[in-house]
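[1] Any chance you could fold what I've pasted below:
(one chain, ligands or ions: 1)
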Amino acid sequence: MSTDTQNSTSWNWVGRYVAVIVVALVLGAAIGSMELFFKTTVFGGKLTAAQLVHFLGYGTALAALWMLGQRSTLALQQQNGRWSFLQHLILPVVTLIVICSAYSVILLILRHLLNAEMINIYNWVFIVGIVACATWVVMAVLGQSASLTSAFTSVATEGLGTSGKLKVCVACDATNESIAKFCKQCGKALD
Ligand SMILES: [Zn+2]
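    Just a heads-up that it's a prediction; the model follows:
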């Protein structure tokens, strides 16, 4: 199918982001477990170099994950396929995952630098952020529920092998329903 090959070439960069995430996690964990880094301290003995390396490795992975979400959103905005509705869902979901993980990653460092009262303030900042982000996810799902339903029902009909074939416009490459006579994007007659 021509649409499949198109997607695989234009989504190659996803692999590069995934590679950065994996390498950052592995290096952060591996270097951070070396004895040299455990023995060496920074910030007047409050932190070990190992904790700093863990923070940098996991922090880089989270930053790359968020950039991957942002870039996917941009790529989906340029496509008009069946999955284009995901452009409104990816960023809220990825942001929620990143904020929840960032809480623990930043705490790796702050735990040793702040007192209990400051940690409590830090916790509240994240509680507010996570609740706001969860609300964003719910609103995005509500806003896209119609597109979600149509995407999953068209997957189901394609799975059954009945009239599910989509038409790809020769002029602009937009994907159209099998019954469409004209392209929804550029208006060119299909067939
Ligand atoms: Zn077209």
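[2] Tell me the spacing between the residue lying farthest from the centre of the chain and residue 36.
    Distance from the C-alpha centroid of the chain peaks at residue 44, with 37.3 Å (C-alpha atoms, centre = their mean). Here residue 44 is placed at a distance of 19 Å from residue 36 (C-beta to C-beta, to the nearest Å). C-beta: built from backbone N, CA, C; applies to glycine.
[3] Scan the protein for its longest helix.
    helix 49-78 (DSSP state H).
[4] which parts of that one are buried?
    Buried residues in helix 49-78, counting neighbours by 16 or more other C-beta atoms under 10 Å, are found at 49-62, 64-66, 68-69, 72-73, 75-76.
[5] hang on, the earlier thing: doesn't the residue farthest from the centre of the chain fall inside a strand?
    No - the assignment for residue 44 (DSSP: H, G, I helix; E, B strand; the rest coil) gives coil, which keeps it out of a strand.
[6] and it, what are its phi and psi?
    Backbone torsions of residue 44, given as degrees, to the nearest 10, read phi 60, psi 40.
[7] And residue 167, by the same measure?
    phi -100, psi 130.
[8] Repeat that for residue 47.
    Residue torsions, per degrees, to the nearest 10, at residue 47 are phi -130, psi 150.
[9] Pretty sure it sits against residue 111.
    No - Residue 47 is beyond contact range of residue 111, at 9.5 Å (criterion: C-beta atoms under 8 Å).
[10] higher neighbour count, the two?
    Neighbour count, other C-beta atoms under 10 Å: between residue 47 and residue 111, residue 47 has more, with 18 against 14.
[11] quick one: contacts for the residue nearest to the more buried one when sequence neighbours are not counted?
    What sits nearest to residue 47 in space, not counting adjacent residues and going by C-beta to C-beta, 6 or more residues apart in numbering, is residue 112, at 5.3 Å. Residue 112 sits next to 43, 46-47, 51 when contact means C-beta atoms under 8 Å, 6 or more residues apart in numbering.
[12] Please report phi then psi for residue 112.
    The phi and psi values for residue 112, taken as degrees, to the nearest 10, are phi -90, psi -10.
[13] Could you measure from it over to the ion?
    For residue 112, the distance to the ion (C-beta to the ion, to the nearest Å) stands at 58 Å.
[14] need the residues of this structure near the ion, please.
    Within the chain, the residues that sit near the ion (C-beta under 5 Å from the ion) are 169, 171-172, 174, 183, 185-186, 188.
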